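**Q** Make a model of this:
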Amino acid sequence: MSDKIIKNGCVVEDERLTVKLAEGEAAADIAVPAGRVLVPLAVWQARRDELLARARSGEVGVWLAAGEDVAALAGDLEVLQLIALHFPKFTDGRSYSAATLLRKRHGFKGELRAIGEVLRDQFNYMTRCGFDALQPQAGRYTDAQLEAALASIGDFTQPYQASVKDPLPLFRRMDRGADREVQQ
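**A** Next comes the predicted model:
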């Protein structure tokens, strides 16, 4: 079954399966299905050599739970084309920080996807932190609601704070006019 996601400013179908470990299941023993998948960090770490070629082709991506250290993937950022960060609930903001770290500190250029409790009210903030794909839980939004949510991402045209998307705060981006004296 495919789900719709927002990716690079468009609503698109996505057939990527998110693999999850069941309680007591060992990362080294889990069956990784064929096709396009997101595997948990623990599976990637336990089966990296086996999954490497699939990751290079873009077939395998890695997802991190909120609170997992993005530095664990620092050596693989050139190989991975997709990293997903999980939002376990809407009040948990750790994945915002992880996204910013991946983009700014580690220079990740691939697809950065928000998964889990991904809500429309937060889409703008997620894109400002460096997410270029937003994957709400299956069935949460209709196609029309996703299209409206996509349109709402641009509601705030001039944010005050600096971000991955706007590295300078508003007061540094403002044109104060050439005829105004500089005060010291």
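
**Q** and stretch 104-112, which residues are buried?
**A** By neighbour count with 16 or more other Cβ atoms under 10 Å, stretch 104-112 contains the buried residues 108, 110-112. For glycine as for every other residue, the C-beta is placed from the backbone atoms N, C-alpha and C.

**Q** First-to-last residue distance for that stretch?
**A** 13 Å (Cα to Cα, to the nearest Å).

**Q** pLDDT (mean, whole number) over it?
**A** When pLDDT is averaged over stretch 104-112, the result is 96.

**Q** So what touches it?
**A** With contact meaning Cβ atoms under 8 Å, 6 or more residues apart in numbering, stretch 104-112 is reached by 7, 61, 70-71, 73-74, 77, 80-85, 99, 102-103, 130-133, 164.

**Q** rerun at 7 Å
**A** 70, 74, 77, 80-83, 99, 102-103, 130-133, 164 (Cβ atoms under 7 Å, 6 or more residues apart in numbering).

**Q** Now the helix or strand of the chain with the lowest mean pLDDT: buried residues?
**A** Least confident helix or strand of the chain, by mean pLDDT, DSSP states H and E, is helix 170-173 with a mean of 77. Counting neighbours by 16+ other Cβ under 10 Å, one finds that helix 170-173 has no buried residues.

**Q** Could you tell me the per-residue confidence at residue 31?
**A** 88.

**Q** And for residue 178?
**A** According to the prediction, residue 178 has pLDDT 54.

**Q** just the helices in this protein please.
**A** Secondary structure of the chain (DSSP state H): helices at 41-56, 94-100, 123-128, 143-152, 170-173.

**Q** hmm, back to that, show the buried residues in the contacts of stretch 104-112.
**A** 70, 77, 80-83, 99, 102-103, 130-133, 164.

**Q** export those to JSON lines and tack on distance to residue 154?
**A** Supplementary listing: those in JSON lines, determined by distance: Cβ to Cβ, whole Å:
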{"residue": "70", "distance to residue 154": "27"}
{"residue": "77", "distance to residue 154": "29"}
{"residue": "80", "distance to residue 154": "29"}
{"residue": "81", "distance to residue 154": "26"}
{"residue": "82", "distance to residue 154": "24"}
{"residue": "83", "distance to residue 154": "24"}
{"residue": "99", "distance to residue 154": "19"}
{"residue": "102", "distance to residue 154": "23"}
{"residue": "103", "distance to residue 154": "20"}
{"residue": "130", "distance to residue 154": "17"}
{"residue": "131", "distance to residue 154": "15"}
{"residue": "132", "distance to residue 154": "14"}
{"residue": "133", "distance to residue 154": "17"}
{"residue": "164", "distance to residue 154": "16"}
